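Asker: Give the three-dimensional model of this entry:
(chains A and B)
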Amino acid sequence: MSEAVTQNIDEIKAVTKKYLGDFIPPKKMEVLEDATALITGGILDSITIVELAASLEDHYDIKFETFEMSVDYFDTLADIANVVQEKIAGNA
Amino acid sequence: MLKYTKVVSEQLGEGSAGGMTKGMGIPFLASNIQFPKLLVLVLQLAVVIFSIRLFNVEDASALHIILPIIFGGFIIHAVLAPSLRLPFFVFLSLAAIIAVFSWVNGLWLIGIGLGLIGLCHLPIPFRARVALVLLAVAGLVVLRGGWVTTSWSELILPILGAMFMFRLVIYMHDLRHERKPATIWERLAYFFLLPNVAFPLFPVIDYQLFRKTYYNDDDYKIYQKGVLWIFRGVTHLILYRAVYYYLVPTPEEIQGLWQVVLFIISSYLIYLRVSGLFHVIIGILCLFGMNLPETHHHYFLAGEFNEVWRKLNIYWKDFMAKVLYYPLVMKIRKMGMMRARVLGTMLVFVATWLLHSYQWFWLRGAFPLNAIDGLYWGILGMFVVINTIKTTKDLTPKDDEDTGWSWGLASRQSMRILGMFIFMSVLWSFWSSHSIADWWSVMMVGGTASLQEYGLLMLGIFGIFAMLVTHLFMDFKGWSLLWDENELPFYSVALRTSIGVLALVAVGMPRVNNNFGEKSASFIASLKESRLNDRDQGVLERGYYEGLIDGNSYTSQIWWTDKGEKPDNWKATMNSDAVQPGEDVLVYELIPSYSGIIKDAPFNVNEWGMRDKSYAKEKEPGTFRIAFMGASFEQGAGVDDEEIFPALIEQMLNAQHAGQTYDKYEVLSFAVGGYSPVQTLYLMENRAAEFAPDAIIYAIHSTEKRRLLMQLQKLAQDKRDVSYVFLNDIFAEAGVTKDITHQEARRRLDPFGDKIIRTSFEKMGEFSEANQIPIIGLFVPSTEEVDGYNEEWHPILKGYAEESGFNVVTLEGAYQGVDAESVYLAPWDTHLNKRGHKLIADALYKTLVEEDARLQLGLTATTD
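Answerer: Numbering: from 1, shown residues only, chains lettered A, B, ... in the order given. Next comes the predicted model:
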């Protein structure tokens, strides 16, 4: 099993959070929780979603489908981490 | 953002046994009804709905039909078990469709809608389903384009288009990737959204967002947000009316810097209408648990192009991102993220331009792709691209708090907001203009201002700048008047909403606002009217006479009001085959002995060029002859020859008074559609005089100046040599040439309009005195004046008429309180129909009899 598969969800969240820090103001980052609504809460917009997806693609060598860059898959930190984990597992 | 932890599936009836919960032991009722909160909500909603009725908000729409459904539906929906709410909402939405469109048309809409949804779910490959949906849409395009007509298509297709033509794209896009299959009720609710039946212009709601936000917070908090947003929408719509009626100048009449400034600013401010409508729509959906995010967010306070784009119509931006921007950028990002972003953004703006025309097609049946629209979207897109390049170089966000407070920061931010507002206003004014040349000619008027005026303008801009800095300071201190309802508890939002809506209702009540003074009360009363402003009325009239209608403009109010589709053969007389080029000041005149159909009614012209029966030039002894002068109202195209009011008056006079003082009465109608006082003067002196009338009735309207400017512009730009010296002098002084636009020509002639009307009236008075023919100046109220004459123009024209020696007659109350629309010739034509002509004839006859002693028609002397 590759190292990528062993990535646990907390590590993915931490990496995602690091990239989110590039787009979200520090004060909002401080209160960011796993369930904080990023898209429906108006924190991420179309530009930043693309940037975040691109960063995660490069970091994990994965590829998002465009339908995944939506509220169903990208609305919370937990949602994003789950998708990323599934993709890493799929690549293995 | 607070996240409510309730499991959505429970709301959808998947989590409780049998899909049903019990409230207080009663089946079908929710288990968590909070009656105090519900009561507070019901009371607020009742007052908000009362305010909608009080101010006649959107009274041209079907909103007022569905308000009782929304109110009653909300109460029942709120107490229903969660599993029953969506089915109930769907049935409520379908009931609203039937209520608005009646059974036959409503069932057509529902049937076609169900058919389209059904096609999306056929058990065939996805591509085949897409092909079938496209085929079905193509069929509807044929209907909407008018290539095939049915009794129902014209009525329901704008709404059907609003329900399906964007949502189908999103739905098909998302259908393949649903993480959790939706219930049938979710699918139906998504398409048949209750308020959609009243609003053809509807936000493009995302399917995933719709599902994701359904009861994703506390029920009562969502409902409260709904009431607040409806109220906010209502205030936007009332403010819009204030801007639309009082701030939007008529381009032809713009004469100074201040009017240019008003023209620019008001062009952007009228966007309040769209944000108002969208607030009301989303607010209504919140009442049914759909906790959708805002569609607009403080867009007048945006400080960057990207911010404007993001805040002006958030749903549209998200739709574009989903179906175009993401797929493209992610596909081409290997060529460099910056390039991908720029190309993606450019594509989004090109698509927005085309899709607005697509949306327009469903709304109006036309697909306008004009240069102004293209330039507007192109310029905005270009600046957003530049802004994108700039911002993506530094995506690192900053907290307002982290930057602290300094006058420098606040000043820079205020300058950005102010600059963006001015830029967007200028761009919007460009978008609102008929042509680039027209817009430029208005801008040039501003260039003629004095230094003092520019100084005052700068002072005004500085004043707004100071207000913005103050706003930022208050925001920093936590004293901002802008508050976020999501951050406040239920009762706090309820209290603020209640205070706001009660204040609005109080201001709207005549009993209260009469205490503010007559002017204020009159101003508030005017905000309850639903009408076109002077600019759009002028556009409509010009379009009517010249075929240059601007109704196909997104920024015009006309298309909101003009609900009917004008047939291609529906032409003003001057554009019909009943006219020929005229002599002297007559740009055109009726062709003698013409016989044909105009506006679906017979139109016959006698041998003398009058729309009237044949008369001998020589008057028979014992005949009292009246020459009836006027314009389109009196000419009466669209109503049978014998049923226009000059003809009716002749019939009434002969029926009641022939054989008394006079053997008979003759009323010869010289009225011609579009004629102004100048043409009437010429007809009076050169045509009517030949018939030796005993009296002249000259029908005068509040719109004389508008028609006059149209006729003068044609005369001046044709460089026609007219016999009236005073007109030639004015043409020379105004400097009207062929190479300027019609709008510019009218602007140059505008300052002379009053003088020309007055001089024309005076010359008519001189003619009357010289020939001993009394003139009755008859003020005929238009259908826009059913509640009273135009307050600006009626007194002026009446004054000129009296000074010129006319016997002035007004027909106050001629329409006897009837609805204006009931006397319209057609939904798209506000001239009088048969009923309207009868009402005017009755009122005129009554007045002639009552005032016979003054008017000297020989009626009352022999009637007793």
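Asker: just the CA coordinates of the worst-scoring helix or strand of chain A on mean pLDDT, formatted as PDB?
Answerer: In chain A, the helix or strand scored least confidently by mean pLDDT, DSSP states H and E is helix A:26-30, which has a mean of 83. Written as PDB, here are the backbone C-alpha positions of helix A:26-30 (Å, rounded to 0.1, in the frame of the first residue of the first chain):
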ATOM      1  CA  PRO A  26      -7.000  34.800   9.600                       C
ATOM      2  CA  LYS A  27      -9.900  35.600  12.000                       C
ATOM      3  CA  LYS A  28     -12.200  33.300  10.100                       C
ATOM      4  CA  MET A  29      -9.600  30.600   9.900                       C
ATOM      5  CA  GLU A  30      -9.300  30.700  13.700                       C
END
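Asker: low pLDDT regions in chain A?
Answerer: By pLDDT under 70, the low-scoring segments of chain A are A:1-7, A:91-92.
Asker: Just want the most central residue of it.
Answerer: Among the residues of chain A, the one closest to the centroid is residue A:80, at 3.8 Å (C-alpha atoms, centre = their mean).
Asker: C-terminal to the least confident helix or strand of chain A, what's the next element?
Answerer: Per DSSP states H and E, helix A:26-30 leads on to helix A:46-60 as the next helix or strand towards the C-terminus.
Asker: Who are the packing partners of the next helix or strand after that following helix?
Answerer: Using DSSP H and E, the helix or strand that follows helix A:46-60 in sequence is helix A:71-74. If you count contacts as 3 or more C-beta pairs under 8 Å, 6 or more residues apart in numbering or on different chains; DSSP states H and E, helix A:71-74 packs onto helix A:46-60, helix A:77-91, helix B:207-212. Heads up, the C-betas are built off the backbone N, CA and C, glycines and all.
Asker: how about the residues of chain A that lie near chain B?
Answerer: Counting by C-beta under 8 Å from any C-beta of the partner chain, the residues of chain A close to chain B are A:22-28, A:35-37, A:39-43, A:45-51, A:53-54, A:64-73, A:75.
Asker: Whichever residue of the stretch 651-800 of chain B sits closest to chain A: what's it in contact with?
Answerer: As assessed by C-beta to the nearest C-beta, chain A sits closest to residue B:743 within the stretch 651-800 of chain B, at 39.2 Å. Each residue near residue B:743 by C-beta atoms under 8 Å, 6 or more residues apart in numbering or on different chains is listed here: B:251, B:252, B:434, B:437, B:438, B:441, B:442.
Asker: Apply 10 Å and report the result again.
Answerer: By C-beta atoms under 10 Å, 6 or more residues apart in numbering or on different chains, the contact list for residue B:743 reads B:250-252, B:254, B:433-435, B:437-439, B:441-442, B:542, B:713.
Asker: cool, and residue B:753?
Answerer: With contact set as C-beta under 10 Å, 6+ apart, residue B:753 has these partners: B:252, B:253, B:676, B:704, B:705, B:706, B:708, B:709, B:712, B:730, B:746.
Asker: And the pLDDT for residue B:858?
Answerer: Residue B:858 carries a pLDDT value of 79.
Asker: quick check: mean pLDDT across the longest helix along chain B?
Answerer: Counting by DSSP state H, the longest helix found in chain B is helix B:82-120. Averaging pLDDT along helix B:82-120 gives 96.
Asker: Is it positioned near chain A?
Answerer: No: using C-beta under 10 Å from any C-beta of the partner chain, helix B:82-120 never reaches chain A; the gap is at least 15.8 Å.
Asker: looking at the helices and strands packed on helix A:71-74, which is closest to residue B:96?
Answerer: Residue B:96 lies closest to helix B:207-212 among the helices and strands packed on helix A:71-74, at 18.0 Å (C-beta to C-beta).
Asker: I'd like the next helix or strand past that closest one.
Answerer: helix B:219-246.
Asker: Show me what counts as buried in that following helix.
Answerer: Counting neighbours by 16 or more other C-beta atoms under 10 Å in any protein chain shown, one finds that the buried residues in helix B:219-246 are B:219-241, B:243-245.
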